[in-house]
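Chemist: just the structure for this:
(one chain, ligands or ions: 1)
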Amino acid sequence: MTGSNRFNRGFTFGSSRYAIGIVAFTAAVVVVSIVAWRRYHHVPKLPNGTGATPSVAVKPGPFVPDPPGILIHHSDTPASAHGKPFDAAALDRIAAQRGFSTTFEGKVYHISYHYVILPDGTVQKGRPDHCQGAHCPRYNNWIGIVLIGDFQSASKRWWPTQPTDLQKQSLVKLCESLMSEYHIPPENVRRHRDEHETWCPGVRFPYAEIVRELRGYSQEHAETRTRQQLPALIASAGNSKVIVH
Ligand SMILES: [Zn+2]
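Modeler: Got it, this is the predicted structure:
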């Protein structure tokens, strides 16, 4: 009995010390984790002069590899409002209010698209090509191009109600250039509505006409179809340099 009591006392004493050790260790781990989490999730301040205050935290966006495709949108807006054009700057301000903000290589971007095409054919830059977009779930590593206009509403409430000739020309040229640069086949140039429940870029967007032109371009530019062959080409080339253009 005595031996057993002594054993129990000893065991209890040992357990308390053990328990205190565990508690202290756990507390230390929690404190270190909280400090690390706060550092990692530090919210950078917006640079002065943007005039924009995003409603959510601005987190660094991931660097994405070469975009595998292009998605086309319409802005569903008029060409201008209150005397100001609906352009990349206007879309940037709207996106900032909605909280579509990210940082990339030290710069803050709000606009969710990579390119904007105005009714006069001007092409404006949005996010950098390798900065993830915010224009379509699951397709934000694709290039997002938006044409300013309303190509959907039955009342044709806003001009342009269909892409202008200058917009179409710029769109085709831009797509061709991106297809060559990133080895994008014409079947990967799609409408927003092809990948998401939306009418965007509207029923009056002449998709068949655009794709026909891009197919013709692809026939003459083999680099637009080399994406799938690249790994095999590189493997078979060994140490020698592969030139795909
Ligand atoms: Zn869209």
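Chemist: what parts of the protein come near the ion?
Modeler: 73, 192, 200 (C-beta under 5 Å from the ion). From N, CA and C alone the C-beta is placed, and that goes for glycine too.
Chemist: for those residues, which one is nearest T164?
Modeler: In terms of C-beta to C-beta, no member of these lies closer to T164 than H73, at 15.9 Å.
Chemist: secondary structure element holding that closest one?
Modeler: strand 70-74 (DSSP states H and E).
Chemist: in CSV, list the C-alpha atoms belonging to that strand.
Modeler: This file holds the C-alpha atoms of strand 70-74, laid out as CSV (Å, rounded to 0.1, in the frame of the first residue of the first chain):
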residue,chain,number,x,y,z
ILE,A,70,-8.2,34.8,-73.8
LEU,A,71,-11.7,35.7,-72.5
ILE,A,72,-13.6,38.5,-74.2
HIS,A,73,-16.1,40.8,-72.3
HIS,A,74,-18.2,43.9,-72.9
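Chemist: just checking, next helix/strand downstream of it?
Modeler: As the chain continues past strand 70-74, the following element, by DSSP H and E, is strand 80-81.
Chemist: give me the pLDDT for S16.
Modeler: Listed pLDDT for S16 reads 65.
Chemist: so for stretch 183-193, mean pLDDT?
Modeler: Rounded mean pLDDT across stretch 183-193 is 97.
Chemist: what are the buried residues along that stretch?
Modeler: 183-186, 188-193 (16 or more other C-beta atoms under 10 Å).
Chemist: going by distance to H82, which of those wins?
Modeler: H192 (26.7 Å).
Chemist: quick check, the closest one in contact with P201.
Modeler: Yes - proximity of H192 to P201 meets the contact threshold set by C-beta atoms under 8 Å, at 6.1 Å.
Chemist: common neighbours of these two, please.
Modeler: By the contact definition C-beta atoms under 8 Å, 6 or more residues apart in numbering, H192 and P201 are jointly contacted by 72-73.
Chemist: alpha carbons of stretch 162-173, as PDB, please.
Modeler: Extracted C-alpha coordinates of stretch 162-173, given in PDB (Å, rounded to 0.1, in the frame of the first residue of the first chain):
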ATOM      1  CA  GLN A 162     -22.400  46.500 -80.900                       C
ATOM      2  CA  PRO A 163     -18.600  46.500 -81.400                       C
ATOM      3  CA  THR A 164     -17.500  49.300 -83.700                       C
ATOM      4  CA  ASP A 165     -15.400  48.400 -86.800                       C
ATOM      5  CA  LEU A 166     -12.400  50.000 -85.100                       C
ATOM      6  CA  GLN A 167     -13.000  47.900 -81.900                       C
ATOM      7  CA  LYS A 168     -13.200  44.700 -83.900                       C
ATOM      8  CA  GLN A 169     -10.000  45.500 -85.800                       C
ATOM      9  CA  SER A 170      -8.100  46.300 -82.600                       C
ATOM     10  CA  LEU A 171      -9.500  43.100 -80.900                       C
ATOM     11  CA  VAL A 172      -8.400  40.900 -83.800                       C
ATOM     12  CA  LYS A 173      -4.900  42.500 -83.800                       C
END
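Chemist: please consider this matter closed, and thank you.
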